[in-house]
Structure formats: structure tokens, C-alpha cells
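fold the following for me, if possible:
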Amino acid sequence: MTAEVEGRDRDVSEPGDRGSQGIAASDSAAELREALAAAAKKSGFGRVAPGETPTAHDLWSAVGGVRGLIESLLPGFLFLVVFTVTSDVVPSVLIPVGVAVLFVLVRAITRSPILPATIGLVGIALSAGLALWSGRAEENFVLGFVINAVWLVALLVSLAIRRPLIGVITGLLTGDSGWRNDAAKRTVLTVTTWLWVALFALRLGVQVPLYFTEQTAALAATKLLMGLPLYAAVLWVTWLMIRAVYARRAA
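Below is the predicted model:
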């Protein structure tokens, strides 16, 4: 008798439990969307809302301004200069690490956001560790190859499943969940995703052969040229293309 009562109690409570679980899952999904949207807005891509006209100031902000430019380019430039002059792995990788530490300290002292410089320091330190461990200056660039390859694979997968990554990011920024149902938006967002595929593929296609042929100075130079400058150029074209299609739809 007791077992039957417990069974009936369980049967009565289960629908409510399922409803609570459904609400919790819905809340979790909404929180995840909000977190992703916030991350997208903080990225360089989120500096200009789709439909707005990008300006030179927007592009300058997207690359971090003067400080972002220095923090992005100076470590790699110092590696190139020191290695070209000395051909010695140790100072070539340790001097950029020291500069990256200085960037973190300056941000901490000035109470600026410290995360960008910290991420840069971690990347530079890991790359330096690989070069010091192997004794080969070219290993300083392996982590960059991995990062570019991961982005390339993620973009290609998004295209393969017909959810182009630039479209997903744009949808998060605008709340436009129906962009895939608009042929013009879908086409532009697919094309811009292919642009980023081309960027990462070009970097790997040019730099990896230099790595295998041990042309370290040329590798360092091409990494500088194909880093922030190429990123800024592709970002600008992406903004213009997305702005055009969203502005037309809003007209």
C-alpha cells in the first residue's frame, strides 16, 4: 500500500519536475546567448553594429588604439630585430617576454583592462618556452600556427553545417535570429566567413613552408605583415559588406 502511494506521489510530481527542468534549461540557454552576445560585442567585430557606417576611429578602436598596436607588433618586431642581429634564440625570445611583462605591469599600474596584455604574455611565454626547449627559433611560431588552424577549422565547420560563423556572430550582435531566412543576408554572411577562411589559410600557406625551410627571419617578417595589418583589412571589408546588406534591408 505504501509503495502504491509513493508511486502515485512520484507520478504526480514528475510533470512539475519536468516543467521546472524545462524552465531551467530555457534560462540556461538564454544566459548562454547573452554571454555569447556580450563576448561578441567586446570583440573587434562588435565595434560597429551591422547597418552602421564604420569609421577610421572604429577600426582604430578595434585594434586597440595606440596601446593595442604597440602591444601587438612590438614583441614580434623585437624578435625579428634581435634574431637578425644575433642569430641567438635565447635573447630573441626572452626580450619579447620581458616587454610583454612590462605591458601587463603598465596596465596594472594605470588600472587599465589587464586581460588583453595577460593573454598576450601567456602566448609569448609559451612560444618562447617551445623555442628554448627545442633550441630552434622557428618553434617560436608553432603556437600561432595552431591558433590559426583552430580558427580555420571552426570557420570551415560552420560553413559545412550551413551556420557561417560571421552570421552567428552578427545574429548575436543584432538579435537577428532569422538572418538565415533572408537570402541576401545569408549570402553576404557566408561570403564574409569565406574571407576569414582565406585570411587564416593564407597565413598558414605562406608561413608554414618558411617554418619547414627554417627561414626564421622571413617567417618573423611575414607574421608581422600578415598579423594585425591583414586582420584590420579583412575586418574593414567585413564591416562594409555587412553594413551594406543590413542598411538595404532597413531602408
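
pretty sure F79 is touching S92, no?
Yes: F79 lies in contact with S92 (CB atoms under 8 Å); the separation is 5.3 Å. C-beta coordinates here come from the backbone N, C-alpha and C atoms, glycine included.

can you show me the helices along this structure?
Taking DSSP state H as the test, the helices found in the chain are 2-42, 56-62, 65-86, 89-109, 115-134, 142-160, 165-174, 183-212, 216-225, 228-250.

flag whichever of those helices has the least confidence on average.
Mean pLDDT per stretch puts helix 2-42 lowest among the helices of the chain, at a mean of 53.

that older thread, hey, what's in contact with both of F79 and S92?
N140 (CB atoms under 8 Å, 6 or more residues apart in numbering).

the more surrounded of those two?
Between F79 and S92, counted using other CB atoms under 10 Å, the more crowded position is F79 (31 against 24).

for I109, see how far away the more buried one is.
According to CB to CB, to the nearest Å, F79 stands 25 Å off from I109.

and if you look at R163?
According to CB to CB, R163 stands 43 Å off from I109.

neighbour-wise, which of the two wins?
The residue with more neighbours, out of R163 and I109, is R163; 15 against 8, by other CB under 10 Å.

quick check: pLDDT value at the closest residue to the more buried one other than its chain neighbours.
The shortest distance from R163 to any non-neighbouring residue, by CB to CB, 6 or more residues apart in numbering, is to R180 (7.8 Å). Predicted confidence (pLDDT) for R180: 87.

neighbours of R180, just the number please.
If you count neighbours by other CB under 10 Å, R180 ends up with 17.

list the contacts of it.
Applying CB under 8 Å, 6+ apart, we find R180 in contact with R162, R163, G167, R186.

from R136, how far off is the second one?
So that's R163. 39 Å.

I'd say P75 and L121 touch.
No: the pair P75 and L121 fails to qualify as a contact (CB under 8 Å) at a distance of 9.3 Å.

more neighbours: those two, which one.
Higher neighbour count among P75 and L121: P75, with 24 against 21, using other CB under 10 Å.

if we ignore the residues flanking it in sequence, what's nearest that one?
P96 (3.7 Å).

which of the helices of the chain is buried the deepest?
Across the helices of the chain, averaging neighbours per residue (mean count of other CB atoms under 10 Å) puts helix 165-174 on top, at a mean of 21.

what's that helix packed up against?
Judged by 3 or more CB pairs under 8 Å, 6 or more residues apart in numbering; DSSP states H and E, the packing partners of helix 165-174 are helix 2-42, helix 142-160, helix 183-212, helix 228-250.

show me what stretch 191-200 is in contact with.
With CB under 8 Å, 6+ apart, stretch 191-200 has contacts from 148-149, 151-152, 155-156, 158-159, 164-167, 230-231, 234, 237-238, 241-242.
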